[in-house]
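Engineer: sharing a model prediction with you, sequence too.
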Amino acid sequence: MHWYVSPELLLGQDTYRLSVEMWDVGCIFTELYRREPLFVEWNDFKIFKVIFSLLGTPNEEVWLGVSQLSYWHPFSSTRAL
């Protein structure tokens, strides 16, 4: 299912790290708590929009190296992290 793909994989990170698994676990626990899916989107752009609206738009201050990821481009800010 595409709903649990972590932001770093969506942005083109090519290594699979523990943070990816922790994102999945966090999504699952949130769904168990809420009793409904957290992300019900089928394309990357919509998933980004939901993630950024919940957590804010990443930048180099809060995510060192984010601008070096393959699919990164400056997104418009939605909310401060």
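Structural biologist: Arrived safely.
Engineer: ok, and the closest non-adjacent residue to Q13?
Structural biologist: L69 (5.7 Å; CB to CB, 6 or more residues apart in numbering). C-betas here are computed from N, CA, C, even on glycine.
Engineer: got the contact list for that neighbour?
Structural biologist: The contact partners of L69, taken as CB atoms under 8 Å, 6 or more residues apart in numbering, are E8, L11, G12, Q13.
Engineer: at 6 Å instead, please
Structural biologist: If you count contacts by CB atoms under 6 Å, 6 or more residues apart in numbering, L69 has them with L11, G12, Q13.
Engineer: of those residues, buried ones?
Structural biologist: Among the contacts of L69, those classed as buried by 16 or more other CB atoms under 10 Å are L11, Q13.
Engineer: inside strands: which ones of the contacts of L69?
Structural biologist: The members of those all map outside strands under DSSP state E.
Engineer: nearest to K49 among the contacts of L69?
Structural biologist: Closest approach to K49 among the contacts of L69 (CB to CB): L11, at 14.0 Å.
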